[in-house]
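Peer 1: Got a sequence here, can you build the structure:
(4 chains)
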There are 2 protein chains.
Amino acid sequence: MTRRREGATGELTLIERARRAQLIEVTIELVADRGYAGASLAAIAERAGITKAAVLYHFPTKDAVVRAAHEHALAALVGDVAGAVEAADAASRPAAYVRSMVGHLREHPRHTRMIIEAMVHDDGDQDPAARWRPLAELISAARLARGGSGDIDARTTAIIVGGGIDAIVAEQLHDPDYDTAAAAEQLIDMLDATLSR
Amino acid sequence: MTRRREGATGELTLIERARRAQLIEVTIELVADRGYAGASLAAIAERAGITKAAVLYHFPTKDAVVRAAHEHALAALVGDVAGAVEAADAASRPAAYVRSMVGHLREHPRHTRMIIEAMVHDDGDQDPAARWRPLAELISAARLARGGSGDIDARTTAIIVGGGIDAIVAEQLHDPDYDTAAAAEQLIDMLDATLSR
DNA sequence: AGATTTTTTGACCGTACGGTAGAATTCGGC
DNA sequence: GCCGAATTCTACCGTACGGTCAAAAAATCT
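Peer 2: From the prediction side, this is the model:
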């Protein structure tokens, strides 16, 4: 009963777990502070106090490190938002979505920059609307629950509101004093006006 | 009376003008198709049918080429939008702004990608709100012209609407069949509802 | 303690990049 | 045809990057 890695099960050593977590952490910081280009293998290694080769011992490639960091930041965000949305009733779920997303991003600016940077630099030709599909579905459901009669396009509405979220977040990343909560409420007002039309 | 360059006046040869224009053009194409990273000196030179060194004869540095390309694309956009806005009365200028910007970007997708790519990759810590300040002023003026009484924040409104514009454009760049005109009208509706509150 | 495995290191390789230097070419004006 | 300027080429330099390799150093197990 050893603690070595078992190829089949993929069991990991405690040290390896810790290192991986540390590498993910410093990579997030690095991407947040200096952008994708600033997150070189050498830079990651230096911040972690080891060498490039040691980093590549824990991850097969540099992209794997960045990908892991991105997934880590993203998982925290979607978990947060999903919780807030489920706690609301159908009619106010879009509002809860916007509110919790802006709130999370304000509380975790590093993760935010990481996510944004990854979205920009990733594969380029990915449907932006896919990102907001969950929001689009919440919007459709909320419109049903409210009995709005206008024939608004949920997809387009989600795209617009999503863009608004991104813009608010970007502004807050530049000016930490920006009142994102108030901005989120104004965006929610605009959305509500569209929903009940 | 020769046609050589006159150091003091900065007069340019015809050939140099043509080359510079061509280099700007291929750089825009390159950035649009393959992103900032894809616009290397070698790639630019290859598309122009010359060598790296020849490119650097016409521009002092690679960044100068990209900067010139960006400014070229941006100038076309702001000229277009400014014309459309001036042709409208104060109350409907924000709508004209949104409409003409989305329209221009739809008709010049290459220029659009160039502008977006430059905005993302430029210097990082630039105020996103600065981009939408002209829109913010149009919004303030329109609210006055309409006699709306609510105390909405023009800056935040401009940020949100600007984000919506970006999102619509991004969606169109991914899906050329996306109805950006309809999306722009919906965004304008949301803005109008906020303006007259 | 000895054996074995996990982790780290240092030295190296290949590539792509932006940029430079000087020689070569083209081209218009005389 | 010649001269000088405008334009382009070839060859090279230095740097930074991601990645590989064998060997050393810790850590762990028996």
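
Peer 1: Look up how far residue A:191 lies from the most centrally placed residue in chain A.
Peer 2: Using CA atoms, centre = their mean, the residue of chain A that lies closest to the mean C-alpha position is residue A:74, 3.9 Å off. Distance check for residue A:74 against residue A:191: by CB to CB, to the nearest Å, it reads 23 Å. From N, CA and C alone the C-beta is placed, and that goes for glycine too.

Peer 1: hey, where'd the helices end up in chain A?
Peer 2: A:14-38, A:41-48, A:52-58, A:62-86, A:93-107, A:109-121, A:128-131, A:133-146, A:154-174, A:180-195 (DSSP state H).

Peer 1: tell me what the shortest one is packed against?
Peer 2: Applying 3 or more CB pairs under 8 Å, 6 or more residues apart in numbering or on different chains; DSSP states H and E, one finds that helix A:128-131 contacts helix A:154-174, helix B:154-174.

Peer 1: what mean pLDDT does the last one have?
Peer 2: Translated: helix B:154-174. Helix B:154-174 shows a mean pLDDT of 96.

Peer 1: tell me the contacts of the closest residue to residue A:162 other than its chain neighbours?
Peer 2: Sequence neighbours aside, residue A:132 is the residue nearest to residue A:162 in space, at 3.9 Å (criterion: CB to CB, 6 or more residues apart in numbering or on different chains). Shown in contact with residue A:132 (CB atoms under 8 Å, 6 or more residues apart in numbering or on different chains): A:158, A:159, A:161, A:162.

Peer 1: Let me have those residues in TSV, adding neighbour count as columns.
Peer 2: Shown next, in TSV, are those (neighbours: other CB atoms under 10 Å in any protein chain shown):
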residue	neighbour count
A:158	25
A:159	26
A:161	27
A:162	25
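
Peer 1: Can you name the two of these that sit furthest apart?
Peer 2: With CB to CB as the measure, no two of the contacts of residue A:132 lie farther apart than A:159 and A:161, at 7.5 Å.

Peer 1: so what's in contact with those two at the same time?
Peer 2: Taking CB under 8 Å, 6+ apart as the criterion, residue A:159 and residue A:161 both touch A:132, B:164.

Peer 1: sorry, back to before: comparing the helices of chain A, which comes out most buried?
Peer 2: Across the helices of chain A, averaging neighbours per residue (mean count of other CB atoms under 10 Å in any protein chain shown) puts helix A:154-174 on top, at a mean of 24.

Peer 1: Using PDB, list the CA coordinates for it.
Peer 2: Once side chains and other backbone atoms are set aside, the C-alpha atoms of helix A:154-174 remain, and they are given as PDB (Å, rounded to 0.1, in the frame of the first residue of the first chain):
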ATOM      1  CA  ALA A 154     -33.700  35.900 -25.900                       C
ATOM      2  CA  ARG A 155     -30.400  35.100 -27.600                       C
ATOM      3  CA  THR A 156     -29.800  38.700 -28.600                       C
ATOM      4  CA  THR A 157     -30.900  39.900 -25.200                       C
ATOM      5  CA  ALA A 158     -28.500  37.600 -23.600                       C
ATOM      6  CA  ILE A 159     -25.700  38.800 -25.900                       C
ATOM      7  CA  ILE A 160     -26.400  42.400 -25.100                       C
ATOM      8  CA  VAL A 161     -26.700  41.900 -21.400                       C
ATOM      9  CA  GLY A 162     -23.600  39.700 -21.400                       C
ATOM     10  CA  GLY A 163     -21.700  42.400 -23.200                       C
ATOM     11  CA  GLY A 164     -22.900  44.800 -20.500                       C
ATOM     12  CA  ILE A 165     -21.600  42.500 -17.800                       C
ATOM     13  CA  ASP A 166     -18.200  42.300 -19.500                       C
ATOM     14  CA  ALA A 167     -18.000  46.000 -19.900                       C
ATOM     15  CA  ILE A 168     -18.900  46.700 -16.200                       C
ATOM     16  CA  VAL A 169     -16.300  44.200 -15.100                       C
ATOM     17  CA  ALA A 170     -13.600  45.700 -17.400                       C
ATOM     18  CA  GLU A 171     -14.400  49.100 -16.100                       C
ATOM     19  CA  GLN A 172     -14.000  47.900 -12.500                       C
ATOM     20  CA  LEU A 173     -10.700  46.200 -13.300                       C
ATOM     21  CA  HIS A 174      -9.400  49.600 -14.500                       C
END
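
Peer 1: Can you name the residues of chain A that neighbour chain B?
Peer 2: Chain A has residues A:35, A:120, A:124-129, A:152-153, A:156-157, A:159-168, A:170-171, A:174-175, A:182-183, A:186-187, A:189-191, A:193-194 near chain B, with proximity defined as CB under 8 Å from any CB of the partner chain.

Peer 1: wouldn't residue A:190 be in contact with residue B:194 here?
Peer 2: Yes. Contact criterion CB atoms under 8 Å: residue A:190 and residue B:194 qualify, at 5.6 Å.

Peer 1: What's the separation between the residue nearest to residue A:162 and DNA strand C?
Peer 2: Using CB to the nearest atom of the strand, to the nearest Å, we find residue A:132 at a distance of 33 Å from DNA strand C.

Peer 1: Mind pulling up the pLDDT for that residue?
Peer 2: 96.

Peer 1: for residue A:124, same thing?
Peer 2: The predicted local confidence for residue A:124 comes out at a pLDDT of 61.

Peer 1: Over to residue A:6?
Peer 2: According to the predicted model, the pLDDT of residue A:6 comes to 40.

Peer 1: repeat for residue A:128
Peer 2: 88.

Peer 1: low pLDDT regions in chain A?
Peer 2: Per-residue confidence of chain A (counting by pLDDT under 70) places the weak regions at A:1-15, A:123-125, A:148-151.

Peer 1: now do 80
Peer 2: Judged by pLDDT under 80, chain A has its weakly predicted residues at A:1-16, A:121-125, A:147-151, A:197.

Peer 1: Next up, the contacts around residue A:186.
Peer 2: Shown here is residue A:186, whose contacts under the criterion CB under 8 Å, 6+ apart are B:152, B:153, B:156, B:157, B:160, B:194.
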